[in-house]
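Engineer: Have a look; sequence and predicted model below, questions after that.
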Amino acid sequence: MHKIKTIILKEWAEVFRNQLVVFSVIFMPLLLTAIPLVMIYTMRDVATSSAGTPLPPQFVLSLPPGLSGGDYFLVYMVSQFMLLFMLTPLMVPVNIAAYSIVGEKTTHSLEPLLATPITTAELLAGKNMAAAIPAVVATWGSFVLFAVGAKIMIPNPAVFAAILDPMWLLAVLVVGPLLAILSVNFSLMVSSRVNDPRVAEQLSAVVMLPLLLIFFGQLAGVLFLNRKLVVLLALGLLAIDVLMVYLAVRLFQRETILTRWR
Amino acid sequence: MIQTENLTRKFGNIVAVDRLTIQVAEGEVFGFLGPNGAGKTTTVRMLTSLIGPTSGTAVVNGYRVGQDDINIRRSVGILTETPGMYDGLSAERNLLIYASLYEVKDPAAQVEKYLRMLELWDRRGDPAGAFSKGMKQKLAIARALLHEPRVLFLDEPTAALDPEAAHLVREFIAELRHEGRTIVVCTHNLDEADRLCDRIAVFKTRLLVVDTPARLRSQVFGRKSVFHLRHAAQAVADAVSGLHFVKNAQILDNKLLVTLDDPEANNPDIVRILVGLGADVQFVAELRRSLEDVYLQLIKSA
């Protein structure tokens, strides 16, 4: 375990010297938190005339009865942007893990590292956690900030409870870390195979596309996230993550990495 | 300490190392010489379990390559061709990371020991990226020694160093040798190999020859004694040529060059004959061919 801890601390010491990484870990989640909060702030005095605004029926059915039309509309609009909390655990690891292996190749620090008694599993576990932990902390931290902000701005406890539906708690607390693991391992696999850090970063960003598709699908009314879907998503991600971890270890070919890159 | 038998490594159809069979004794300084692409670094990588062999066997420190790789990595130190430091981290931090990975018992004390030994202690807080090439090389040597390995692999230890830094590194290697460590040095610096190595392996994908520098010289060029005479006449050379232990005698630039197997035993006899012939012998030396001459001759005939 101490070797894994050494790798984690080493990665953080190196990576957080990069202002772009610091920006992505701190400011991007804050920005993504601000969007729904601004939405709440601007819509908190929505007039009851909004009661006539058509909302997806399955959405209205999922909400507790007794809320005004304006409240329904507020909850609906804020819910569209809650998916942004799922972007943080995908985005943060890309900036850290994409550089992870290919960066060591370009600085020639990989060979002396592999010459130590560290196993491939320990090395990748360290790099995994070094990228995943900041992503999860940023996701949970930004969600807590959102919850505090929403609590302050929404006087109606029923509306607050509707916005912070257990579905979103499940999404942030469970799906978030699973997304982080997916993003890290995908980025590590890309980083192991390419020879340019910029290419690694760009290819790794592809992992965000499915979530963006869901986000825009929801905005367009094509898709509607509910608790059942989130549970299925969590289970599916768990299976994918196990496979990704396995593939990341298998694809990390020490010899190929050492001998093709001098 | 190190034993290989028909150690081979191929990359696709390219044979990088071809049936290498060598033995390196404990406490020996062993040189790997060869042109670029000869397989020196590939051999070091196999012996340090960074890559596996295609065929053949190797045993390092009693551990078999391909079976006890973690134990091999625990027990050897390697100075890689490029130091590969974490440039943004301090010298001390770099070493502490490796001390942890090598499971060193008292990392801080060990790091301090080697930083002081290599005269880097005052710069321990500076980022490794700010170091000169020589300092980075010294830092990399410290990294290779942290876990007190009995076997060291040094790949081009003085490459790209200025003369002063190179001298410091060579002195340090000589100190390590006095401690009884087994050291394998890959180098293009033939003078350095000549000075440091007990034996040298010359190879070009396959092993051409392994021997001490002195025996390599005598194998390739024979041994020659040089008699500096006040006036060197051909008659003197003819007289010496007639001796049964002399292979060849010739005059060159007022010097008598005599090729023979055992100068230590036969030089006094030659001096007596020269004096008897009335020649004024000013001094006697052995013609020492450089290791570069030996190496070039070996590579040319390979």
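Structural biologist: Thanks, I have the structure now.
Engineer: Can I get stretch B:259-277 as PDB, trimmed to CA atoms?
Structural biologist: The C-alpha trace of stretch B:259-277 is given here as PDB (Å, rounded to 0.1, in the frame of the first residue of the first chain):
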ATOM      1  CA  THR B 259      57.400  -8.000 -30.500                       C
ATOM      2  CA  LEU B 260      57.600 -10.800 -28.000                       C
ATOM      3  CA  ASP B 261      55.400 -12.800 -25.700                       C
ATOM      4  CA  ASP B 262      57.000 -12.100 -22.300                       C
ATOM      5  CA  PRO B 263      58.600  -8.700 -22.100                       C
ATOM      6  CA  GLU B 264      59.100  -8.900 -18.300                       C
ATOM      7  CA  ALA B 265      61.300 -12.100 -18.700                       C
ATOM      8  CA  ASN B 266      63.100 -11.200 -22.000                       C
ATOM      9  CA  ASN B 267      63.700  -7.400 -21.900                       C
ATOM     10  CA  PRO B 268      66.900  -7.800 -19.700                       C
ATOM     11  CA  ASP B 269      68.400 -10.200 -22.300                       C
ATOM     12  CA  ILE B 270      67.700  -7.700 -25.100                       C
ATOM     13  CA  VAL B 271      69.200  -4.900 -23.100                       C
ATOM     14  CA  ARG B 272      72.400  -7.000 -22.500                       C
ATOM     15  CA  ILE B 273      72.600  -7.700 -26.300                       C
ATOM     16  CA  LEU B 274      72.100  -4.100 -27.200                       C
ATOM     17  CA  VAL B 275      74.800  -2.900 -24.800                       C
ATOM     18  CA  GLY B 276      77.100  -5.700 -26.100                       C
ATOM     19  CA  LEU B 277      76.600  -4.300 -29.600                       C
END
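Engineer: Give me the distance between it and the centre of its chain.
Structural biologist: Taking C-alpha atoms, centre = their mean, to the nearest Å, one finds the center of stretch B:259-277 at 33 Å from the center of the full chain.
Engineer: Against residue B:193, how distant is residue B:223?
Structural biologist: 20 Å (C-beta to C-beta, to the nearest Å). For the C-beta atoms, the positions are set from N, CA and C on the backbone; glycine is no exception.
Engineer: out of these two, which sits in the busier spot?
Structural biologist: residue B:193 (23 against 20; other C-beta atoms under 10 Å in any protein chain shown).
Engineer: mind listing what that one touches?
Structural biologist: Residue B:193 sits next to B:31, B:33, B:185, B:187, B:200, B:213, B:291 when contact means C-beta atoms under 8 Å, 6 or more residues apart in numbering or on different chains.
Engineer: what packs against the longest strand anywhere in chain B?
Structural biologist: As assigned by DSSP state E, the longest strand anywhere in chain B is strand B:2-11. Where contact means 3 or more C-beta pairs under 8 Å, 6 or more residues apart in numbering or on different chains; DSSP states H and E, strand B:2-11 is packed against strand B:14-20, strand B:23-24, helix B:40-47, strand B:55-60.
Engineer: OK, contacts around residue B:295?
Structural biologist: So residue B:295 contacts B:33, B:190, B:202 (C-beta under 8 Å, 6+ apart).
Engineer: Give the pairing partners of the helix or strand where the last one lies; include direction for each.
Structural biologist: Following DSSP states H and E, the helix or strand that holds residue B:202 is strand B:199-204. The strands that strand B:199-204 pairs with in its sheet are strand B:29-33 (parallel), strand B:206-211 (antiparallel) (by DSSP bridges).
Engineer: pLDDT of the shortest one, averaged?
Structural biologist: Just to be clear, that refers to strand B:29-33. If you average the pLDDT over strand B:29-33, you get 93.
Engineer: same check, this time on the last one
Structural biologist: Taken as a whole, strand B:206-211 has an average pLDDT of 85.
Engineer: now that strand against strand B:14-20, angle please.
Structural biologist: 40 degrees (axes from the mean of the first three to the mean of the last three C-alpha atoms, to 10 degrees).
Engineer: How much space separates the closest residue to residue B:15 other than its chain neighbours from chain A?
Structural biologist: Of all residues not flanking residue B:15 in the chain, residue B:205 sits nearest, at 6.0 Å (C-beta to C-beta, 6 or more residues apart in numbering or on different chains). Going from residue B:205 to chain A by C-beta to the nearest C-beta, to the nearest Å gives 16 Å.
Engineer: Report the distance from stretch B:154-162 to the chain centre.
Structural biologist: For stretch B:154-162, the distance to the chain centre is 12 Å (C-alpha atoms, centre = their mean).
Engineer: any low-confidence regions in chain A?
Structural biologist: Residues of chain A meeting the criterion pLDDT under 70: A:44-66, A:260-262.
Engineer: What parts of it come near chain B?
Structural biologist: Neighbours of chain B within chain A, by C-beta under 8 Å from any C-beta of the partner chain: A:2-3, A:6, A:10, A:13-14, A:17, A:107-119, A:254-255, A:258-259, A:262.
Engineer: Show me which of those residues are buried.
Structural biologist: Buried subset of those (neighbour count, 16 or more other C-beta atoms under 10 Å in any protein chain shown): A:3, A:6, A:10, A:13-14, A:107-118, A:254, A:258-259.
Engineer: if you look at those, which of them are in helices?
Structural biologist: Counting by DSSP state H, those place A:3, A:6, A:10, A:13-14, A:110-114, A:254, A:258-259 in helices.
Engineer: Break down the stretch 201-302 of chain B into its strands, ranges please.
Structural biologist: B:206-211, B:224-229, B:246-252, B:255-260, B:281-287 (DSSP state E, counting those that start in this stretch).
Engineer: any chance of the ones you listed in TSV, plus mean neighbour count?
Structural biologist: Output for the strands of the stretch 201-302 of chain B, formatted as TSV (neighbours: other C-beta atoms under 10 Å in any protein chain shown):
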stretch	mean neighbour count
strand B:206-211	18
strand B:224-229	19
strand B:246-252	16
strand B:255-260	20
strand B:281-287	14
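Engineer: Adding distance to residue A:166, write the ones you listed out as TSV.
Structural biologist: Output for the strands of the stretch 201-302 of chain B, formatted as TSV (distance: least, C-beta to C-beta, whole Å):
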stretch	distance to residue A:166
strand B:206-211	70
strand B:224-229	93
strand B:246-252	98
strand B:255-260	96
strand B:281-287	91
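Engineer: Please report how far residue A:98 lies from chain B.
Structural biologist: 17 Å.
Engineer: Looking at the helices and strands packed on strand B:2-11, which one is packed in the most?
Structural biologist: helix B:40-47 (a mean of 25; mean count of other C-beta atoms under 10 Å in any protein chain shown).
Engineer: what does it rub up against?
Structural biologist: A:258-259, B:2, B:4, B:7, B:9, B:16-17, B:20, B:32-34, B:51-53, B:58, B:60, B:65, B:72, B:76, B:78, B:81, B:153, B:155, B:184, B:186, B:203.
Engineer: how about 7 Å then?
Structural biologist: Residues from elsewhere that reach helix B:40-47 (C-beta atoms under 7 Å, 6 or more residues apart in numbering or on different chains): A:258, B:2, B:7, B:9, B:16-17, B:20, B:32, B:34, B:51-53, B:58, B:60, B:65, B:81, B:153, B:155, B:184, B:186.
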